[in-house]
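1. Output the structure for:
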Amino acid sequence: GEVEDTVIPELSCSLKNIGLKTAPFSIRLGNVGCFPENDVDKARIIKFGLLRETDDLDTLVENVEEAVVKLGFRRELRPYNPHVTIGRVKTQKIHTKRNRRQNIPLPLSSSLKSLLFKSSGLLNSKEDIASIRVEHITLVHSTISGSVPIYETLERYVLEG
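-> Numbering: from 1, shown residues only. The predicted structure is shown next:
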């Protein structure tokens, strides 16, 4: 969400302190999925889920959330769903009968659906696809330019605990 520039130094300090107290850890990529969950035809995001041995990640997320709440941010109400985004599905703007503009995802091609969700057998896989070592936290500034997000790394905090 929107963050005032004046909050960035304090946020940066909090993230640095979290990094100093947190040891590096690994996460394991599991099944391929999408958001919204289980609705390939309305998919907006294609992602790898994480296999549930994520205690270290859960602790890191809790520590970051606690720090940002202390800075005046609202606590996230949606349930935490750890994942790694593979890509975003392009959307198109349509006008509804009430003349409202709405972004709807463009349909995934049948070959992409098949590749990601059917023939690969990864949709409900319980086995590792890969393991990723988490060694830092990154503070990112995002800007929406047209319909494309642009991400800029502001700071990286090494996990040293």
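2. Whichever strand or helix holds residue 29 - contacts with which helices or strands?
-> Element membership for residue 29, per DSSP states H and E: strand 25-35. Counting contacts by 3 or more C-beta pairs under 8 Å, 6 or more residues apart in numbering; DSSP states H and E, strand 25-35 packs against strand 45-50, helix 55-70, strand 83-88, strand 130-134. C-beta: built from backbone N, CA, C; applies to glycine.
3. quick one: average pLDDT of it?
-> Confidence for strand 25-35, expressed as mean pLDDT, is 85.
4. Partner strands of it and their direction?
-> Paired with strand 25-35 in the same sheet, following DSSP bridges, are strand 45-50 (antiparallel), strand 130-134 (antiparallel).
5. In the chain, where is pLDDT below threshold?
-> Filtered on pLDDT under 70, the chain yields the residue ranges 1, 38, 52-53, 91-127, 147.
6. hmm, try it at 80
-> Along the chain, the parts satisfying pLDDT under 80 run over 1-2, 31-34, 36-44, 52-54, 88-129, 145-149.
7. buried set for stretch 40-57?
-> Across stretch 40-57, burial judged by 16 or more other C-beta atoms under 10 Å covers 40, 43, 46, 47, 48, 49, 50, 51, 54, 56, 57.
8. wouldn't the last one be in contact with residue 24 here?
-> No. Here residue 57 does not reach residue 24: they are 11.5 Å apart, not a contact under C-beta atoms under 8 Å.
9. List the residues that are in contact with both of those two.
-> Both residue 57 and residue 24 are contacted by residue 134, under the criterion C-beta atoms under 8 Å, 6 or more residues apart in numbering.
10. Assumed residue 8 was part of a helix.
-> Yes. Counting by DSSP: H, G, I helix; E, B strand; the rest coil, residue 8 is part of a helix.
11. Quick check: it vs residue 80, distance?
-> 24 Å (C-beta to C-beta, to the nearest Å).
12. Could you give the number of residues near the nearest residue in space to residue 72 that is not next to it in sequence?
-> In this structure, residue 72 finds its nearest non-sequential neighbour in residue 7, 7.6 Å apart by C-beta to C-beta, 6 or more residues apart in numbering. Residue 7 has 13 neighbouring residues, counting by other C-beta atoms under 10 Å.
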